[in-house]
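**Q** Next one to model:
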Amino acid sequence: MDDIAVVKIYVQQNPEQEQALLIMMSVEVVTDSAEEIAKRFSDYVSIVRTAMNKFGQLLDYYHGQHQESAASAPRRDEFYFPEYYWIPQIVEEVCKGELAVKALSDEAWLRQQIISRIPAVEAAQEWSAFHIERIDNYGDYKLIVYGFPEPQSIPEAKYGAILLNTQTKVFDYYTLEFSYNGKWVLGRMQGSQHTNYGELESQPDVEAFVDWIFSTGKTPQTITDCERGDTKNIN
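**A** Numbering: from 1, shown residues only. As a prediction, the model looks like this:
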């Protein structure tokens with residue numbers, strides 16, 4: 001009798017990895033001859049290879065759709081601008097002598113400054129959770145870590161940290177940012193330029209964040225000009 005080769009592909013979304021699929025592939029043939037199967041084995045391999053190529057196209061489409069849906073989540077400017085622009089602007093005012101250094105540790109005043117700039121009532125209510133996570137002094141350096149409202153969309157930050165040289169009035173501003181697939185990314189703002197240093201390997205707690213701030217050999221992965229939207233890959 002004539003043999004009929006059939007490729008079967010079973011696809012299931014991986015419950016442990018949101019962006020992964022479980023795939024099982026098999027060739028099934030109706031025949032009454034073991035010798036026929038052996039003789040046609042190379043044909044069956046070719047059939048599987050063709051099926052894999054077709055399915056590869058399907059996977060590319062699946063991943064493209066997944067990334068597009070994640071990336072298209074609306075950015076909540078009521079959180080983006082305070083976390084990435086307003087806080088650094090306040091530090092710049094301190095460095096210019098327009099504000100006293102103590103303003104950076106005045107939790108109630110900072111919270112009010114942020115809320116006063118937000119027209120949306122719901123967002124203002126979320127910002128009531130703003131708090132100072134910790135303050136440390138290291139010689140001429142002052143570290144202030146802010147706890148932001150719990151991130152709900154990319155790239156809202158869980159923490160923002162100011163490392164200020166109180167003598168030279170030079171500062172760095174770091175962020176721990178919510179990213180794709182529940183990951184957390186380490187970042188740094190300098191004016192309108194944002195540097196991505198890759199994912200935080202441990203849990204997103206303040207101690208791990210501070211340890212990274214004081215670590216040596218930070219390696220940037222990408223640099224983005226937030227005003228122009230240009231992104232440059234470093235590694």
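**Q** Next SSE downstream of the lowest-mean-pLDDT helix or strand in the chain?
**A** Here the helix or strand of the chain ranked lowest by mean pLDDT, DSSP states H and E is helix 41-71, holding a mean of 55. Going down the chain from helix 41-71, the next helix or strand is helix 77-81, by DSSP states H and E.
**Q** contacting residues for the residue nearest to the spatial centre of the chain?
**A** Compute the mean C-alpha point of the chain, and by CA atoms, centre = their mean the closest residue is Ser179, 2.0 Å away. Neighbour list for Ser179: Ile154, Pro155, Val185, Glu199 [criterion: CB atoms under 8 Å, 6 or more residues apart in numbering]. Backbone N, C-alpha and C define where each C-beta goes, glycine included.
**Q** Now do the second one against Glu83, distance only.
**A** As judged by CB to CB, to the nearest Å, Pro155 and Glu83 stand 9 Å apart.
**Q** what about the two, which has more around it?
**A** Ranked by neighbour count (other CB atoms under 10 Å), Pro155 and Glu83 place Glu83 first, with 26 against 19.
**Q** Gln89 belongs to a helix?
**A** Yes: under DSSP: H, G, I helix; E, B strand; the rest coil, Gln89 sits within a helix.
**Q** circling back: can you read off the pLDDT for the residue nearest to the centre of the chain?
**A** Note on Ser179: pLDDT of 92.
**Q** What of Val30?
**A** For Val30, the model assigns a pLDDT of 70.
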